[in-house]
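Student: Kindly return the folded structure for what I paste below:
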Amino acid sequence: MVARPSGTQQDGSEDQTDGGSGGFHAGPFSWDMGCPRYIRNALRGSPQRFQGQITAAIGAKDDQFARDLKDKDVRIAEATKAASDATASQQQAEIELAQVGIELAKQQEETAVAVRERMEIQERIKHRTLSMEQRTRLVEALKRGPKATVNVSCVVGDTEGKDFAREILRVLRACGWPAGGVTQVVDTGDNPVGVGIWVRDADALPPHAATLRAAFRSVGILLTEKEDAAAVRQGTLLIFVGTKP
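Tutor: Residues are numbered from 1 along each chain as shown. Take a look at the predicted model:
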């Protein structure tokens, strides 16, 4: 093998060498061996520029990642606050709903009390009267047993008591019991209430007293007994209609 002079190729053209010398290079490979200067310079500068580009790209990526992370943190914080506000709103709504329930229950209770009081007032002012069933049963009971004279009285000025006394008187007469009209007496202070049977002598009751008691008891009217020799004539009974209980 014949060594070629430096700078001479097989086709007769010449290479551009670093120093333009025509020496021989038989040693190991280096950047100086047959490599143009502008290529060597470019290759020598590439690693630094490449490293800078990589560093810049990594920095930009880190900055973008930091911005994205911050944006995510902001969105998470906003979502957390929104959820917290929603929970607080729901809790407030539940509190208000519970309060409404309490107020409604209170109003219902007040309404129930008012209705009950009104019914009680209406019951107190409602006149006593015998229903059709009571009248029928009372007539049937009074037709049985002995009969005798019965007087009916009420308190002076008690219109409701007077009307009820007249109704009892009509039933007695319908059953054949001898009875006069309704008499009114002055309240002496004992304030009789309800319906009672007055007798002249409690130890010597006439037979028809038991008949009257049983008949009125059958329709739910209990006759209270009172002894009054001055108000009851011998051999008679007195049904006294006091004020409404």
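Student: now the residue nearest to the spatial centre of the chain: how far from residue 182?
Tutor: The centre of the chain sits closest to residue 101, judged by CA atoms, centre = their mean, with a distance of 3.7 Å. Shown here: residue 101 relative to residue 182, a distance of 56 Å by CB to CB, to the nearest Å. For glycine as for every other residue, the C-beta is placed from the backbone atoms N, C-alpha and C.
Student: Mind giving me the packing neighbours of the helix or strand of the chain with the lowest mean pLDDT?
Tutor: The weakest-scoring helix or strand in the chain, judged by mean pLDDT, DSSP states H and E, is helix 37-125 (a mean of 81). Applying 3 or more CB pairs under 8 Å, 6 or more residues apart in numbering; DSSP states H and E, one finds that helix 37-125 contacts no other helix or strand.
Student: Mind listing what's buried along the helix or strand following it?
Tutor: Proceeding C-terminally, helix 37-125 gives way to helix 132-143 as the next helix or strand, assigned by DSSP states H and E. Neighbour-count burial for helix 132-143 flags 134-135, 137-138, 141-142 (criterion: 16 or more other CB atoms under 10 Å).
Student: what pLDDT, on average, does helix 132-143 get?
Tutor: The predicted model gives helix 132-143 an average pLDDT of 94.
Student: Check stretch 194-205 too.
Tutor: So the average pLDDT for stretch 194-205 ends up being 91.
Student: who touches that stretch?
Tutor: Residues from elsewhere that reach stretch 194-205 (CB atoms under 8 Å, 6 or more residues apart in numbering): 164, 168, 206, 209, 212-213, 216, 221-229, 231-234, 236-242, 244-245.
Student: Domains in the protein, by residue range?
Tutor: If the domains of the chain are taken from automatic domain parsing, they occupy 30-126, 132-241, with pieces of a single domain joined by a plus sign.
Student: Most tightly packed of those?
Tutor: When those are scored by mean count of other CB atoms under 10 Å, the highest mean neighbour count falls to domain 132-241 (a mean of 16).
Student: now do the same end-to-end measure for that one.
Tutor: One end of domain 132-241 sits 20 Å from the other (CA to CA, to the nearest Å).
Student: let's number from 272 now, not from 1
Tutor: Sounds good: first residue 272 from here, last item domain 403-512.
Student: and the gap between the closest residue in space to residue 427 that isn't next to it in sequence and residue 484?
Tutor: The shortest distance from residue 427 to any non-neighbouring residue, by CB to CB, 6 or more residues apart in numbering, is to residue 455 (4.4 Å). Here residue 455 is placed at a distance of 24 Å from residue 484 (CB to CB).
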